[in-house]
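K.L.:
Here's my sequence, what's the structure:
(2 chains)
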Protein chains: 2
Amino acid sequence: MATGKTIYIAVVGVGGVGQAFLGQLAQLQQRLAKRSPPTHLNLILVRRSTKQLSSPGYKPINIGTVLAELDKVTTPFPQLIESVNYLAKAHGKVVLVDNTSDLDFATVYPLVLSKGISIVTPNKKAFSHTFSLWTRIFEAAANGSGPEGNGFVFHESSVGAGLPVLSTLNELVETGDEVTKIEGVFSGTMSFLFNSFQPVAGGGGTFAAEVKKAKDLGYTEPDPRDDLNGLDVARKLTILARIAGLPVESPTSFPVQSLIPAELEDCKSGDEFLARLPEFDNRMDEVKAKAAKEGKVVRFVGSINVGSKEVKVGLESFDKSHPIAALKGSDNIISFYTKRYGSNPLIIQGAGAGGEVTAMGVTGDLIKVIKLLR
Amino acid sequence: MATGKTIYIAVVGVGGVGQAFLGQLAQLQQRLAKRSPPTHLNLILVRRSTKQLSSPGYKPINIGTVLAELDKVTTPFPQLIESVNYLAKAHGKVVLVDNTSDLDFATVYPLVLSKGISIVTPNKKAFSHTFSLWTRIFEAAANGSGPEGNGFVFHESSVGAGLPVLSTLNELVETGDEVTKIEGVFSGTMSFLFNSFQPVAGGGGTFAAEVKKAKDLGYTEPDPRDDLNGLDVARKLTILARIAGLPVESPTSFPVQSLIPAELEDCKSGDEFLARLPEFDNRMDEVKAKAAKEGKVVRFVGSINVGSKEVKVGLESFDKSHPIAALKGSDNIISFYTKRYGSNPLIIQGAGAGGEVTAMGVTGDLIKVIKLLR
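P.N.:
Modelled structure (predicted):
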């Protein structure tokens, strides 16, 4: 009778996504423990911005009470590298779950992977920073070109949250299909904003009013300029383009349309920005009217033309019958045009943001790693 | 310097999908051979209905010329079980690619898996036959509850061809989401037929005329009754329902609406059926008119209500703005309603039939098995 295997789990970041992930981890832990032979998922480290809890003898920490325990920690906050060394010394396979959006952490991914520690993460910055960091990460990963003893890395939730976007693109590429174009709405915020600003059925408020509404409903970042500058979408496009084979240098190395009026770029606060945004409503009204005149609606999209190596992010108009125009709520939509799929693309659509669905992509990646680890 | 690994491949069935698969296998073989360390995919057996070619010393057979070589075979056609025994004796991991829709073959899957041979296949019948066969297959598979030395089994292309339908549903279930409902258009033939019979923009021919057109364009089986009886869709629903946790006994254990008029069930040939079908056009005209009166269009769909354990296949009407109504050409669409995704489902859409995209699902499954085999 086999006694099963034990996998050690470290979780960094316990905000919205991190907390949802811990809930899913507890469920998965129970399910895998019941299998024959069982797989034991032992949580051995939890870290947030200023506190860290780790288990001295690599004994499992109770997931249900870990956040309360973390609050009580008074021991000094260790350097990240010390924690990585602690994980590397565990007698078994370790998976590090990075639920932060912290670039500093991402820069040590290659080191972490080379120590045999696997990484699953929704961290967009890690995979959209310089092309050199991307290359170093996948040169170190066992599922890249790294040696077999190294860790695996998966980051499904870095684009479209739990939607199967990266796994689908990877499979298209690996099975030898030729991806010609990727197009879609990659931001839940932008989706909600434009579905309200210019609904297919007509109507919709002014742009500034819709931005305020989206903020009040919690659909934007605390400072809505962080959505309106287009950088979030540009980061996702960078990741997709790289998987499709384009060596995109960074999210600022291709045209990205910012919806922040140039005159408001120097606003000192999000509140000041929101207060002054209505002054520029006439510009967006013009965009809306122009689309309407052609029987179209305007949407904020990203596209990658693989053949011409053109990546861009910004406003475009779509026929009302186009799937991008018909999107609802804050859904994302991603269309893959390929040689095998011909004129009708492979389309994936659904919620692309939110704690539970983002955590689900991370949990799904963890399951993939568990299957690969022996 | 590692010398890499060798995986032996056996291919059964070299029709449309089988030939497309061989093309993709040749490409994959080249790509993996270049890796460091390399993975060698050695084709050692090819079998079709009456002929089989195998390599006596498990030496690789040239993929590029294998079909011509197979034609020349004059040796006696061995029993399937003899071939399985030959594969089981290979000194290494073996993957059997079943590109047939042969139920006889499927009944030996549990035996094949127990011998450590993995299976990848688009064979719908294998997974929609009795629930007992389904259970025995997954009790024998290493990715089911079978022991670690057994083979893995993947069958992505049994539903929606290469679209990531089964992998997505499996991940929803494995990560602990609660799937409440699955709904969609699961047949390229039915999609094409109804998108032409009642386009969203209005118009469309009589039902009999559209069936004839679909047949002439190659969108139906040689005998269109094999599409119109709904069994193909019922098989796919059976597979999805089982993954979602419902122990559906067979594709005939739930309501399936056949579009073959009762009066024509005894037609001796597909030609006789097609010649007489116009006599019943008034019935389908009524269905169309009723939907149109409500501002809707009629579509042939399947649905699974997980909570009420209700599975059904048949005609339903949809608002013109519904994604199912707006489908194009012969595309499939599959909507997963889950607790985490809330009111807007996770949607997957695209070509769900055709040699290349079906083979792509098989090749994708082969890549998954290769990653899991050590």
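
K.L.:
Once you drop chain neighbours, what's closest to the spatially most central residue of chain A?
P.N.:
The centroid of chain A falls nearest to A:Ser158 when counting by Cα atoms, centre = their mean (2.1 Å). Nearest residue to A:Ser158 in three dimensions, chain neighbours excluded: A:Lys124, at 4.6 Å (Cβ to Cβ, 6 or more residues apart in numbering or on different chains). From N, CA and C alone the C-beta is placed, and that goes for glycine too.

K.L.:
and that neighbour, how many neighbours?
P.N.:
Applying other Cβ atoms under 10 Å in any protein chain shown, we find 23 residues neighbouring A:Lys124.

K.L.:
for chain B, what are the nearby residues on the stretch 151-300 of chain A?
P.N.:
Residues of the stretch 151-300 of chain A lying close to chain B (Cβ under 8 Å from any Cβ of the partner chain) are A:162-164, A:167-168, A:171-172, A:174-177, A:200.

K.L.:
the bottom helix or strand of chain A by mean pLDDT?
P.N.:
helix A:103-106 (a mean of 90; mean pLDDT, DSSP states H and E).

K.L.:
What helices and strands are in contact with that helix?
P.N.:
helix A:124-128 (3 or more Cβ pairs under 8 Å, 6 or more residues apart in numbering or on different chains; DSSP states H and E).

K.L.:
Okay, domains of chain A per the record?
P.N.:
A:5-162+A:357-373, A:174-351 (the TED database).

K.L.:
Same list, those, but as JSON lines with distance to B:Val94 please.
P.N.:
Listed next are these as JSON lines, based on distance: least, Cβ to Cβ, whole Å:
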{"stretch": "domain A:5-162+A:357-373", "distance to B:Val94": "20"}
{"stretch": "domain A:174-351", "distance to B:Val94": "20"}
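
K.L.:
Indicate which one of those domains is closest to B:Asn42.
P.N.:
domain A:174-351 (18.7 Å; Cβ to Cβ).

K.L.:
So in terms of bridging, what pairs with A:Ala351?
P.N.:
Residues in a beta bridge with A:Ala351, per DSSP bridges, are A:Asp331.

K.L.:
burial count for it?
P.N.:
The burial count for A:Ala351: 26, using other Cβ under 10 Å.

K.L.:
Okay, it and B:Ala26: tell me how far apart.
P.N.:
For A:Ala351, the distance to B:Ala26 (Cβ to Cβ, to the nearest Å) stands at 40 Å.

K.L.:
Next: A:Gly230.
P.N.:
42 Å.

K.L.:
Of those two, give the one with the bigger neighbour count.
P.N.:
Using other Cβ under 10 Å as the criterion, A:Gly230 and B:Ala26 rank with A:Gly230 on top: 23 against 17.

K.L.:
Return the set of residues that bridge with the closest residue to the more buried one other than its chain neighbours.
P.N.:
Excluding the flanking residues, the one nearest A:Gly230 by Cβ to Cβ, 6+ apart is A:Val256, at 4.4 Å. Beta-bridge pairing for A:Val256 (DSSP bridges): A:Val313.

K.L.:
And the pLDDT at A:Val256?
P.N.:
You'll see A:Val256 listed with a pLDDT of 98.

K.L.:
residue contacts, it?
P.N.:
A:229-231, A:233-234, A:312-314 (Cβ atoms under 8 Å, 6 or more residues apart in numbering or on different chains).

K.L.:
Make JSON lines from these and add pLDDT to it.
P.N.:
Compiled in JSON lines, these are given as follows (pLDDT from 0 to 100):
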{"residue": "A:Asn229", "pLDDT": "96"}
{"residue": "A:Gly230", "pLDDT": "97"}
{"residue": "A:Leu231", "pLDDT": "97"}
{"residue": "A:Val233", "pLDDT": "98"}
{"residue": "A:Ala234", "pLDDT": "98"}
{"residue": "A:Lys312", "pLDDT": "97"}
{"residue": "A:Val313", "pLDDT": "98"}
{"residue": "A:Gly314", "pLDDT": "98"}
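
K.L.:
Which one of these is nearest to A:Asn150?
P.N.:
A:Ala234 (29.7 Å).

K.L.:
quick one, what contacts the closest residue to A:Ile9 other than its chain neighbours?
P.N.:
In this structure, A:Ile9 finds its nearest non-sequential neighbour in A:Leu43, 5.0 Å apart by Cβ to Cβ, 6+ apart. Contacts for A:Leu43 (Cβ under 8 Å, 6+ apart) come out as A:9-11, A:25, A:55, A:60-63, A:66.

K.L.:
please redo it, this time with the cut-off set to 10 Å
P.N.:
A:8-11, A:22, A:25-26, A:29, A:53-55, A:59-63, A:66, A:97 (Cβ atoms under 10 Å, 6 or more residues apart in numbering or on different chains).

K.L.:
What subset of those is buried?
P.N.:
A:8-11, A:22, A:25-26, A:29, A:53-55, A:61, A:63, A:66, A:97 (16 or more other Cβ atoms under 10 Å in any protein chain shown).
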